[in-house]
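[1] with the sequence up front, the predicted model follows.
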Amino acid sequence: MNRFPENIFSQPIQRRTFLRGTSLIAIAACVPLSHGCDEPDPDASAAECSTTDDILGPFYKAGAPLRENIVPDNSSGVPLIVTGTVYANCENVLAGAIVEIWNADHEGEYDTSDEFRFRGRYATNQNGTYRFRTIVPGRYLNGGTFRPSHIHFRVNATGHRELVSQIYFKDDPFIASDPWAGSVKASERILTISKDTSGVDTVNFDIYLTVAT
């Protein structure tokens, strides 16, 4: 069953093109950070108990506030709760890890203002868990096709390697044509949206970090 609302996935969204040509992919997708700016190898195998990385994307904005609810007032879109646990060494939970997420609005637009709409950070609790309230993001053009709906993650914990990644959603029709979502390394990050006990769409994304060397 396709869980995506028709207003997101059955109608083309006339918004800015994410990348206007394949020659711009490497430049637009990578924003320099302390961990470097190499594009992830889409065919690389994930290490055991290590969440695979993904591109940072061109719409990252530093300084997002610490908050659980990243949905601005009077916004449209299908509510989505994103939860998970951050682990180290396969099974040890990480308290105090900083999980940062950002995503497009329901029309596929990213906010770059100081309001930090659909952007936020969360410090994991003593059980290593985090929780955000957002929406199912809209799609936007990547050259001649749409990028699938996705949510960006940047995760940091003392003594561990920073993780930059993305999650995607099962049954999105544009996963196969996307160079990042369609790669082998993204297969464990294509998640199923289900309903919580109150009937709200929810998705769980457990994160496995590697120890810094």
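    On my side now, so go ahead.
[2] just the strands from the protein, written as ranges.
    79-88, 92-93, 98-102, 119-123, 129-135, 140-142, 145-147, 150-156, 163-169, 190-191, 194-195, 201-204, 207-209 (DSSP state E).
[3] what stretches of the protein score poorly on pLDDT?
    For the chain, the stretches flagged by pLDDT under 70 are 1-48.
[4] what about the closest residue to Val99 other than its chain neighbours, distance to Ser50?
    Distances taken as Cβ to Cβ, 6 or more residues apart in numbering place Tyr130 nearest to Val99, at 4.5 Å, with adjacent residues excluded. C-betas here are computed from N, CA, C, even on glycine. Distance from Tyr130 to Ser50, counting by Cβ to Cβ, to the nearest Å: 18 Å.
[5] which of these two has more residues huddled nearby?
    When neighbours are counted by other Cβ atoms under 10 Å, Tyr130 and Ser50 differ, and Tyr130 comes out ahead with 25 against 15.
[6] so which residues of this protein form helices?
    For the chain, the helices defined by DSSP state H occupy 6-9, 25-28.
[7] ok, the nearest residue to His160 once chain neighbours are set aside - contacts?
    In space, His160 comes closest to Leu209 once its chain neighbours are excluded; the distance is 4.2 Å by Cβ to Cβ, 6+ apart. By Cβ atoms under 8 Å, 6 or more residues apart in numbering, the contact set of Leu209 is 50-51, 86-88, 94, 97, 155, 157, 160-161, 163.
[8] filter those to the buried ones?
    Neighbour counting with 16 or more other Cβ atoms under 10 Å marks 51, 86-88, 94, 97, 155, 157, 160, 163 as buried within these.
[9] hmm, back to that, tell me what the residue nearest to Val99 is bridged to.
    Counting by DSSP bridges, Tyr130 forms beta bridges with Gly84.
[10] quick check, it in contact with Ile81.
    No - in this structure, Tyr130 is not within contact of Ile81 by Cβ atoms under 8 Å, at 11.0 Å.
[11] for Gly57, which of the strands of the chain is the nearest?
    Across the strands of the chain, Gly57 has its closest neighbour in strand 150-156 (6.0 Å, Cβ to Cβ).
[12] give me the residues contacting that closest one.
    Here strand 150-156 has contacts from 56-57, 60, 82, 86, 97-103, 134, 137, 162-169, 181, 205, 207, 209, using Cβ under 8 Å, 6+ apart.
[13] that one vs strand 163-169, what angle?
    150 degrees (axes from the mean of the first three to the mean of the last three Cα atoms, to 10 degrees).
[14] how much does strand 150-156 deviate in direction from strand 119-123?
    Interaxial angle, strand 150-156 versus strand 119-123 (the same axes, to 10 degrees): 40 degrees.
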